[in-house]
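Trainee: Pasting the sequence and the predicted coordinates here, then a few questions.
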Amino acid sequence: MWRRVARLSSLIRSSKASLSNQIPPANGLQILEAFSTEIQKSAKGRNHHREKPPFITFVLGGPGSGKGTQCLKIVETFGFSHLSAGDLLRKEISSNSENGAMILETIKEGNIVPSELTVKLIQREVESSENDKFLIDGFPRTEENRRTYERVVSVGAEPNIVLFFDCPEEEMVKRVLSRNQGRVDDNIDTVKKRLENFNALNLPVINYYSEKGKLYKIPAVGTEDEIFSRVRKIFTSLEVLSMLSPQFSIPIGVIWFTLTNLL
Ligand SMILES: Nc1ncnc2c1ncn2[C@@H]1O[C@H](COP(=O)(O)OP(=O)(O)OP(=O)(O)O)[C@@H](O)[C@H]1O
Ligand SMILES: O=c1ccn([C@@H]2O[C@H](COP(=O)(O)O)[C@@H](O)[C@H]2O)c(=O)[nH]1
Ligand SMILES: [Mg+2]
């Protein structure tokens with residue numbers, strides 16, 4: 001809203017400036033029209049450039065379960081935008097933001113950053129994007145994360161679907177410790193803490209979406225391509241049902257996917 005008011009003031013300023021520059025000024029009617037358009041846009045909410053709510057997929061799983069790897073393949077094949085909550089937080093650290101030091105300590109400890117902060121970063125990305133399909137990777141981490149997101153985000157507060165990459169702990173630890181990307185949390189002590197937090201805090205979120213009929217549980221052992229063939233079936237079945245369009249109710253998609261994979 002304030003950005004719109006600023007744009008309007010700038011229109012009025014340029015109108016005044018054009019008087020002194022002998023350029024035909026915006027007349028009162030033009031200014032009123034512009035004002036009315038801006039107010040209408042604001043009334044529609046912050047997603048003013050969207051006709052319909054975006055399609056939101058939460059991507060969950062323990063540390064090293066392969067969320068990021070599979071997200072990249074989904075982006076290539078199905079045109080989603082990938083928002084990794086962990087990457088957004090790491091970006092805050094490297095840009096020396098006011099919360100950078102606190103985020104770094106939290107990540108080093110394998111703990112969870114305050115919900116408002118993570119939600120704000122995700123919301124900013126969704127709202128500034130032209131895409132209408134998002135993978136939100138590694139969020140919500142806790143029930144409190146989930147409730148904060150629902151409270152703060154006005155459009156797309158409920159995910160359309162939730163993917164859960166189900167991987168044995170031993171395999172996750174092996175993958176994290178051989179990841180080699182210089183992450184401060186890729187060490188045995190932090191991984192243990194992250195696994196503890198995953199079991200205590202993230203599994204309840206996964207169960208919540210399972211009870212809502214939104215969860216797709218994907219066995220995450222095998223080659224990257226084998227796992228992606230499982231993922232591909234999910235999005236293809238949603239495409240067949242034209243459900244990559246948020247107006248449809250997702251439980252039908254889950255039922256369809258289950259049936260087609262059982263028959
Ligand atoms: N199917 C697979 N088999 C073996 N290694 C894999 C597989 N999928 C991903 N990896 C590797 O395991 C490591 C962790 O994968 P990835 O970063 O995708 O996991 P993640 O779930 O995003 O982890 P985190 O929550 O820590 O960000 C990476 O080095 C990746 O290359
Ligand atoms: O919603 C979130 C997501 C992440 N964190 C913190 O970041 C690290 C790394 O996250 P990855 O998804 O594994 O990249 C995680 O262990 C948390 O410390 C968070 O607090 N909230
Ligand atoms: Mg990741």
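Mentor: On my side now, so go ahead. Quantities reported herein were computed from a predicted structural model and do not represent experimental measurements. Numbers count the residues shown, from 1 in each chain. Ligands and ions are numbered 1, 2, ... in the order given.
Trainee: Would you agree residue 214 is in contact with residue 164?
Mentor: No - with contact defined as Cβ atoms under 8 Å, residue 214 does not count as touching residue 164 (10.3 Å). (Each C-beta comes from the backbone N, C-alpha and C, glycine too.)
Trainee: Those two: which is more packed in?
Mentor: Neighbours of residue 214 and residue 164, each counted by other Cβ atoms under 10 Å, are more numerous for residue 164; the result is 24 against 20.
Trainee: List the residues that contact the residue in the chain positioned nearest to ligand 2.
Mentor: Minimum separation of the chain from ligand 2 (Cβ to the nearest ligand atom) falls at residue 86, amounting to 2.1 Å. By Cβ atoms under 8 Å, 6 or more residues apart in numbering, residue 86 lies in contact with 107, 137, 138.
Trainee: repeat for residue 114
Mentor: Under the criterion of Cβ under 8 Å, 6+ apart, residue 114 has no neighbours.
Trainee: ditto for the one 4 residues further on
Mentor: Residues in contact with residue 118 (Cβ under 8 Å, 6+ apart) are 85, 88, 89, 139, 145.
Trainee: Who's the closest spatial neighbour of the fourth one, skipping the chain neighbours?
Mentor: Think residue 139. With sequence-adjacent residues excluded and distances taken as Cβ to Cβ, 6 or more residues apart in numbering, residue 139 is closest to residue 85, at 3.8 Å.
Trainee: Residue 143: how many residues sit nearby?
Mentor: Applying other Cβ under 10 Å, we find 14 other residues in the vicinity of residue 143.
Trainee: Surely it is in contact with residue 207?
Mentor: No - the pair residue 143 / residue 207 is not scored as a contact, 9.8 Å apart, by Cβ under 8 Å.
Trainee: Surely residue 82 is in a strand?
Mentor: Yes - assigned with DSSP: H, G, I helix; E, B strand; the rest coil, residue 82 falls within a strand.
Trainee: For it, give me the pLDDT.
Mentor: Taken from the predicted model, the pLDDT recorded for residue 82 is 98.
Trainee: so how far is ligand 1 from it?
Mentor: Distance check for residue 82 against ligand 1: by Cβ to the nearest ligand atom, to the nearest Å, it reads 11 Å.
Trainee: How about residue 233?
Mentor: In this structure, residue 233 and ligand 1 are separated by 16 Å, where distance is defined by Cβ to the nearest ligand atom.
Trainee: burial measure for residue 169, as a count.
Mentor: Taking other Cβ under 10 Å as the criterion, the count of residues near residue 169 is 16.
Trainee: gap between it and residue 87?
Mentor: Using Cβ to Cβ, to the nearest Å, one gets 23 Å for the distance from residue 169 to residue 87.
Trainee: and what of residue 237?
Mentor: The spacing between residue 237 and residue 87, counted by Cβ to Cβ, is 28 Å.
Trainee: Between these two, which is the more surrounded one?
Mentor: It is residue 237, of residue 237 and residue 87, that has more neighbours when counted by other Cβ under 10 Å, with 19 against 14.
Trainee: can you tell me which helix or strand that one belongs to?
Mentor: Residue 237 belongs to helix 224-240 when elements are defined using DSSP states H and E.
Trainee: Go through that helix and flag the buried ones.
Mentor: Applying a neighbour-count criterion of 16 or more other Cβ atoms under 10 Å, one finds 227, 228, 230, 231, 232, 234, 235, 237, 238 buried in helix 224-240.
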